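Undergrad: sequence and predicted structure are below.
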Amino acid sequence: MAEIKHFEELHYWQKSRVLVQRIYYISKEGELSKDYDLKSQLRRAALSTMNNIAEGFSRFSKKDFIKFLDYTVGSSAEIKSMLYVLEDLNYVHPKIIDELRILTDDTHNLTSGLIRYLRKKKGG
């Protein structure tokens with residue numbers, strides 16, 4: 001297996017990038033576009049998933065990497081929670097909510113899996 005040298009090669013970063021794109025896309029239209037607080041918080045949480053993966057990958061220690069991956073997991077949980085608000089307020093079509101839940105779960109699960117792997121791995 002080849003060594004990953006750039007965060008852009010990470011599958012879970014790529015998933016979070018798609019999530020950010022979708023969040024920005026849906027937040028430009030409809031009622032969500034008018035709800036500044038929710039739109040802003042949702043966008044910040046999505047950006048946090050992607051950026052914390054990149055920042056953690058660029059750190060020099062496994063401990064720091066795990067810390068930033070933990071932030072990513074927390075942000076993905078925050079997004080998932082806000083998806084219920086979008087659903088409850090009928091801001092976004094249910095099919096889109098389902099798509100976003102899948103992307104959020106993928107980001108969360110892939111990142112959590114890496115955290116578990118890194119915590120078991122010796123050294124670093």
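TA: Nice, thanks for sending it over. What you see is a predicted model; the values in this text were computed from it and never measured. Numbering: from 1, shown residues only.
Undergrad: drop to CA atoms for contacts and neighbour counts, all remaining ones
TA: Will do.
Undergrad: which of the helices or strands spans the residue sitting nearest the centre point of the chain?
TA: Closest to where the C-alpha atoms of the chain average out (C-alpha atoms, centre = their mean) is residue 49, at 3.4 Å. For residue 49, the host element (DSSP states H and E) is helix 36-57.
Undergrad: what is whatever helix or strand comes next after that helix packed up against?
TA: Using DSSP H and E, the next helix or strand after helix 36-57 towards the C-terminus is helix 62-88. With contacts taken as 3 or more C-alpha pairs under 8 Å, 6 or more residues apart in numbering; DSSP states H and E, helix 62-88 sits against helix 36-57, helix 94-120.
Undergrad: distance to residue 80 and mean pLDDT for those - can I get that in CSV?
TA: CSV is the format used below for those (distance: least, C-alpha to C-alpha, whole Å; pLDDT from 0 to 100):
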stretch, distance to residue 80, mean pLDDT
helix 36-57, 10, 97
helix 94-120, 6, 95
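Undergrad: what's the most buried one of those?
TA: Highest mean neighbour count among these (mean count of other C-alpha atoms under 10 Å): helix 36-57, with a mean of 20.
Undergrad: can you list contacts of that one?
TA: With contact meaning C-alpha atoms under 8 Å, 6 or more residues apart in numbering, helix 36-57 is reached by 7-8, 13, 16-17, 19-20, 23-24, 27, 32-33, 64-69, 71-73, 75-76, 78-79, 82.
Undergrad: got the angle between it and helix 62-88?
TA: Put simply, helix 36-57 runs at 160 degrees to helix 62-88, going by axes from the mean of the first three to the mean of the last three C-alpha atoms, to 10 degrees.
Undergrad: now do helix 36-57 against helix 94-120, angle only.
TA: Using the same axes, to 10 degrees, helix 36-57 lies at 30 degrees relative to helix 94-120.
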